[in-house]
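S.K.: Can you look at this prediction? I've put the sequence above it.
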Amino acid sequence: MTKDKVKEAGLPKEILTAAWAIALGAIAPMLDSTMVNIAIDKLTKDFNTTLDTIQWAITGYVLALAIAVPVSGWLMNKFNGKKIFIGAVIAFGVTSVFAGISWDISSFIFFRLLQGFSAGIITPLMSTLLVKTAGQENLGKVMAIVSTPMIFGPILGPVIGGFIVQGASWHWIFFINVFIVLIAAPLMMKTIPDFEPFNKESKLDVFGIINLSLMSAALIYGITKATDHATFNNGETILWVSIGLVLGVIYLVYNRIRKNQTVLPMNLFEHKSFLASSIGLFLANIAIMGPMLILPLFFQNFRHFTAIEAALALIPQGIGMLITRPMIGNMIDKIGGKYVVMVSLVLALIGSIPLIFITDKTSMIWISILLFIRGTSIGGINLPLMSDAYTGLDSKQLPEAGVGINIIENLGFSFGSAVIATVVATVVQGAQPTITNGLKGYHAGFLVSALVLAIIFIPSLFLTYKKAR
């Protein structure tokens, strides 16, 4: 199923069904990572442990995911992509069962690490196999399909998780993944085409994989410590981020010695659209994901919502994302990413700037409208950046591009969450614990998000523009 088969009008049925099957395979990890946050309180009580120890189940998952990403590039090069993807999805289902039946906190953290590792294989494979399935000219439409799980994750994850924790028990947050995998696996076996190894000659770049994995893990761990200490100026953050940066420099030197024959060749960044997309995606993860962290806290602290009510209050944002998704995909394929991103950034700023001024008295209708506007813009920023990252690349470069984009997104997400959380905590620190002072912290967090959105205009200038046919 190659791009020769792609018809001019719309997408052929076989490409469409394969794309949906791949997206379905990725839903479980996307939902899982957000549902677990809702269960933290219950887990702490059930395992009779501290919040700090439980956090290792969350942080460990993210670190294992980051470590697995470079490995996925080699697996795609060496083996049939379909088998690796389905294998990783099944592995995620099996490790979910073990996480659900964990007998103590140590076993729970261990199975979360295994879950994270299989999720780290699934995510880059998902994007790369889709690009290969669709061909360059249908990237936008197909990315619009595959990003559906990415919407459902942050928006529906906390709601579903809240209902499961309240109605059943935290164990079912993991057992539910088994049902998703049981539906997805047979469908994927039937509809996804076989993918020849992208580059069978490629040797396992052991040093490169270990170096990049440790670099990602050190940077992400250091950044998460900044959130714990409510400042970047603390010993743990400085130590781990320094180790991450040193490993990054070592990788650059190593890549130069190996003349780009590495798991993530640096000459990928010589492609103008790959470089612009990478910078844009890193910044977008700060501007979009950061507020996703503090919005539920705003609802809980200032509107006294329960965790489920706070998650439900975010649904207008999800609706906005879903409504514009298909239209954005078509626009990217017709005119390229440049102007889609620019218009979306304007919309995002319209939906974000008023958040800098919200108070505990602001009408929920007004907040819902702002969230809806923000939602309509999110796909228009992320999707073109994602599809432009792969535009113009040779088929053999796709696994490496998938690895690069995922590392950048993981770092951007962690950095964004840490920056916004740290800004909020720093502004509030030392001030009288009044509502007005509490709000100042959130206003500062939303201000940082709006400023970063404005900066994304710069890389968007270098994205593709296709003259409309």
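M.R.: Yep, that arrived. Computed from a prediction, not measured in an experiment: that's the story for all the values here. Residues are numbered from 1 along each chain as shown.

S.K.: tell me the secondary structure for E196?
M.R.: With DSSP: H, G, I helix; E, B strand; the rest coil as the basis, the three-state label of E196 is coil.

S.K.: what's near enough to touch it?
M.R.: With CB atoms under 8 Å, 6 or more residues apart in numbering as the criterion, the residues that contact E196 are N80. For every residue, glycine as well, the C-beta is placed using N, CA and C.

S.K.: How about K82?
M.R.: When the contact criterion is CB under 8 Å, 6+ apart, the partners of K82 are L129, M188, I192, P193, D194, F195.

S.K.: in what helix or strand does it lie?
M.R.: For K82, the element it lies in under DSSP states H and E is helix 81-100.

S.K.: just V131 next, same as before
M.R.: Applying DSSP H and E as the criterion places V131 in helix 105-134.

S.K.: got the angle between that helix and helix 81-100?
M.R.: What separates the directions of helix 105-134 and helix 81-100 is an angle of 160 degrees, with axes from the mean of the first three to the mean of the last three CA atoms, to 10 degrees.

S.K.: Now L297: which helix or strand?
M.R.: Assignment of secondary structure by DSSP H and E places L297 within helix 290-302.

S.K.: What of N211?
M.R.: Here N211 is covered by helix 206-229, with elements defined by DSSP H and E.

S.K.: buried residues in the helix or strand that that helix is followed by?
M.R.: Read in the C-terminal direction, the helix or strand following helix 206-229 is helix 235-257, with elements assigned using DSSP H and E. Of the residues in helix 235-257, those buried under the neighbour-count criterion (16 or more other CB atoms under 10 Å) are T237, W240, V241, I243, G244, L247, Y251, N255.

S.K.: Stretch 323-343 now?
M.R.: By neighbour count on 16+ other CB under 10 Å, the buried set for stretch 323-343 is 324-325, 328-329, 331-333, 335-338, 340-342.

S.K.: And for stretch 454-469?
M.R.: Neighbour-count burial for stretch 454-469 [16+ other CB under 10 Å]: I456, P459, S460, F462, L463, T464.

S.K.: Farthest pair within those residues?
M.R.: I456 and T464 (15.8 Å; CB to CB).

S.K.: buried stuff in the helix or strand containing I420?
M.R.: Secondary structure assigned from DSSP H and E places I420 in helix 398-428. Counting neighbours by 16+ other CB under 10 Å, one finds that the buried residues in helix 398-428 are 398-425, 427-428.

S.K.: Stretch 265-278 too?
M.R.: P265, L268, H271, S273, F274, A276, S277, S278.

S.K.: Next, the distance between the ends of it.
M.R.: End-to-end distance of stretch 265-278 (CA to CA, to the nearest Å): 14 Å.

S.K.: can you pull the contacts of S449?
M.R.: Neighbour list for S449: I286, A287, I288, G290, P291, S352, L355, I420 [criterion: CB under 8 Å, 6+ apart].

S.K.: still on that earlier bit, now distance to V71 too, for the buried residues of stretch 265-278, in JSON lines please.
M.R.: Converted to JSON lines, those look like this (distance: CB to CB, whole Å):
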{"residue": "P265", "distance to V71": "16"}
{"residue": "L268", "distance to V71": "18"}
{"residue": "H271", "distance to V71": "24"}
{"residue": "S273", "distance to V71": "26"}
{"residue": "F274", "distance to V71": "21"}
{"residue": "A276", "distance to V71": "27"}
{"residue": "S277", "distance to V71": "23"}
{"residue": "S278", "distance to V71": "20"}
